[in-house]
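In: One predicted model, sequence on top.
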Amino acid sequence: MTRIIKFSVLMLSIVFIFSNCEKNNKNNQSEVDDVMDNFIDSLLQEMTLDEKIGQTVLFSAGWEVTGPTLDSNYVVYLKEGMVGAIFNIHSAKGSKEFQRIAVEETRLGIPLLFGYDVIHGYKTIFPISLGESASWDLEMIEQSARVAAEEASSAGLHWTFAPMIDVTRDPRWGRVSEGSGEDVYLGNQIAMARVKGFQGDDLSNNNTILACAKHYAAYGAPLAGRDYNTVDMSERELRTTYLPPFKAAIDAGVSTFMTSFNDLNGIPASGNKFLLTDILRNEWNFEGFVVTDYTSINEMIPHGFSKDEKHAGEQAINAGVDMDMQGGIFLRNLKTLVEEGKVSEKTITEAARKILVMKYKLGLFEDPYRYADEEREAATLNKPEFLEKAREMARKSMVLLKNENQTLPLSKNTKIALIGPLVKDENHIIGSWSAQGDRNGKAVSVFEGVTEILGSSKNILYSKGCEIEGEDKTYFNEAIRIAKQSDVVVMVVGESEGMSGEARSRTNLDLPGVQKELIAEMKKTGKPIVLVLMNGRPLTLEYENKTADAILETWWPGTMGGLAIADVLFGDYNPSGKLPITFPRNVGQIPIFYNAKNTGRPYDPKTPEITYRSRYLDVANTPLYPFGYGLSYTSFEYSNLTINKAEFSLNETININVTIKNTGKYKGEETIQLYVQDLVGSVTRPLKELKRFKKITLTPNQSKNITFTLTAEDLVFYTYDMSFKAETGEFKIFVGTNSRDVLENKFILK
Ligand code: GLC
């Protein structure tokens, strides 16, 4: 029988059995799984070793370059049945064409997986992930991923290389822009929200896509904040800080993992059996498949971990890698390694199986073209409701860092000087890793957004002032002139989108170019200064914090960024964002983060005369803006922090109550944060750890009583002998508007 007929027979039998299962007992998941297992077992028995190796091979189609090499022969390999997945194509038409080759021109017609970096939107671009994380709004974050999946799946894609869930405390590292910041608990919650948003409830629906937990693991802790650099830490630090979001992603049902470029304690992640088998498979029972990052198997040679490509391939497949992204190493070496007895065929069969399972769950064996519908694609991309969702998410992501004398919100009758290199930008505004977001004029600039909100540009004066980078001050005089004609100067300044993201580490986190000098010139005019920041990472803003009257952090706010910024500037939305990562005073403080330890000689600013304390001679120990920080146009008062008891046994629930009142004149959202300190442990413990948060809305003068519950499960940690458990003793709790300004209470765990 030809492959098509054979396949159809196979599929008909599956559909028949499946429909019977459906009829008889639709909830009997194990029967459905049996049907799938039988199908895949039969298929694997049909497959040659070459064809099984083919499933472990992923190549870029090169429609977008996301790594150092391309292989133009990927279609040749594909026709030989030696490619299981393709990435970096992005259209229903393209998906259909490549899928046709796989289904009709290879012996068994096994459909391809199509992957792409859909990080913060596919066509409708949402704020960068660090920005979305600043919303602390898990529902919105899930909806953002859902919109991305709707658009990406309509464009022929089955799999996104997201969420990026690397915890990091180092804003020199450019990829801080792609993640959820410095905190484990917040990172866990966001990882789960994003996985659920991408994958939905049923992968067989054609509007859901596979998610990918990346980059496994500890990629966010490179020495010196330099991308791809060495990572070395204790197993306790690894398990306490860098692994939890990956476990959370598994708890949310993530389908795939991606290995990271870095070596961890001397072993590159793509050859790290401790990570890929001992923890991922044996401890966490992960059942999905593991893809490497771009040529990261090949890179084990320059790492000095592999003698040559064949050695690297042997190490990677035996450590637990299932799919080789772009390296061609599995393609070129696995068969020889089996023949030489260095890799078992069973290992390859199991890798292929995990990949075939995902293709089956996506429904690709039933209908390989189900995601390649050009009409659906045209009807889905940039839907008005998606654009509105992106605007809402952008508003919620913004963090008000300063607002002296209620400079903001602005009156709509104000004469505004819009000044700065990013005022009319429609390119950088969608940030890095922006998939098919339009960079040619479709995104809404701040100038357009302000004009739309004011109904005309008659009250708007404009000067670029300067470029993002470079020393050119040609437009300074123009900027000064129009500033003097205005009531308020709104400066839109920041990085270029290419200054953060992959391979974009910086050692100087100041505003680049002559933007600070432009701010100084604006200050001399005596006009109120509002800074609107666009950047992919924390910046060092001591000068700006002293000079500006108001500062609004907008990150890279996405397709609807300009409108969302205008919504906030004029008070149509009261900013509610909270920093997911600490803003240092200067680079010398890095790494600086809220849940640090006390040390044996903690510095107390109340007794600066005591010399022998852990401090700097030239700068305070505290950051410029702490984790969890963000202002509002209104004010919130915290009171009555109580705990239902003073002492708890290990199996009791701890009830924590607090009252929040809106004491200002604007309706506003507040993210209440609950932190815990374990005062004494068999190892030293952080001063604070975020354990809960809750975002509420209050109208002026409205109060709410909020209850948080904790159990001993929330107090577990890796003790002296690496047991993961809570220890009895005294605990403090802190509740407040950020990690610094808190009410305090305490309890004893006995
Ligand atoms: C890149 C990135 C990774 C991305 C992959 C595919 O090098 O490290 O995050 O998913 O290659 O584009």
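Out: Perfect, thanks for sending it.
In: contacts, neighbours, all on C-alpha from now
Out: OK.
In: Now do the same contact list for the closest residue to Lys473 other than its chain neighbours.
Out: Among residues not flanking Lys473 along the chain, Cys466 sits closest, at 5.9 Å (Cα to Cα, 6 or more residues apart in numbering). Cys466 makes contact with 420-421, 472-476, 514-515, 518, according to Cα atoms under 8 Å, 6 or more residues apart in numbering.
In: Quick check: Cys466 is in a strand.
Out: No - read with DSSP: H, G, I helix; E, B strand; the rest coil, Cys466 is coil and lies in no strand.
In: any idea how far it lies from Trp556?
Out: According to Cα to Cα, to the nearest Å, Cys466 stands 19 Å off from Trp556.
In: Tell me which helix or strand the closest residue to Asp251 other than its chain neighbours sits in.
Out: Spatially, and ignoring its direct neighbours in sequence, Asp251 is nearest to Met192 (7.6 Å; Cα to Cα, 6+ apart). Met192 is part of helix 184-199, with elements assigned from DSSP states H and E.
In: center of the chain - which residue?
Out: Nearest to the geometric centre of the chain sits Gly179, at 3.1 Å (Cα atoms, centre = their mean).
In: Would you check that that one makes contact with Arg169?
Out: No - contact status for Gly179 versus Arg169: not in contact, 11.1 Å apart, counting by Cα atoms under 8 Å.
In: ok, Lys79 to the ligand distance?
Out: 23 Å (Cα to the nearest ligand atom, to the nearest Å).
In: which residues does that residue contact?
Out: So Lys79 contacts 101-102, 105-106 (Cα under 8 Å, 6+ apart).
In: Which one (most neighbours) among those?
Out: Greatest neighbour count in the contacts of Lys79, by other Cα atoms under 10 Å, goes to Ala102: 26 neighbours.
In: Can you name the residues that contact that one?
Out: 78-79, 81, 109-112.
In: Same list, the residues you listed, but as TSV with secondary structure please.
Out: TSV is the format used below for the contacts of Ala102 (three-state DSSP):
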residue	secondary structure
Leu78	helix
Lys79	helix
Gly81	coil
Gly109	coil
Ile110	coil
Pro111	coil
Leu112	coil
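In: Identify the residues contacting the closest residue to the ligand within the stretch 201-350 of the chain.
Out: Going by Cα to the nearest ligand atom, the ligand is nearest to Tyr294 of the stretch 201-350 of the chain, at 4.7 Å. Residues in contact with Tyr294 (Cα under 8 Å, 6+ apart) are 67, 325-327.
In: Would you check that His120 makes contact with Ser144?
Out: Yes - using Cα under 8 Å, His120 makes contact with Ser144 at a distance of 7.4 Å.
In: Find residues that contact each of those two.
Out: Counting by Cα under 8 Å, 6+ apart, the residues touching both His120 and Ser144 are Phe126.
In: okay, those two: which has more neighbours?
Out: A direct count of neighbours by other Cα under 10 Å for His120 and Ser144 places His120 higher, at 33 against 28.
In: related to what we said a few turns ago, and of the contacts of Ala102, the nearest to Gly320?
Out: Distance to Gly320, by Cα to Cα, is smallest for Leu112 among those, at 21.6 Å.
In: what residues are up against the closest one?
Out: Leu112 touches 83-86, 98-99, 102, 359, 368, counting by Cα under 8 Å, 6+ apart.
In: Could you save those residues as TSV and add columns showing distance to the ligand, secondary structure and pLDDT?
Out: Below are the contacts of Leu112 laid out as TSV (distance: Cα to the nearest ligand atom, whole Å; DSSP: H, G, I helix; E, B strand; the rest coil; pLDDT from 0 to 100):
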residue	distance to the ligand	secondary structure	pLDDT
Val83	16	coil	98
Gly84	16	coil	98
Ala85	12	strand	98
Ile86	11	strand	98
Phe98	18	helix	97
Gln99	20	helix	98
Ala102	21	helix	98
Lys359	19	helix	98
Pro368	23	coil	97
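In: Cool, thanks, signing off.
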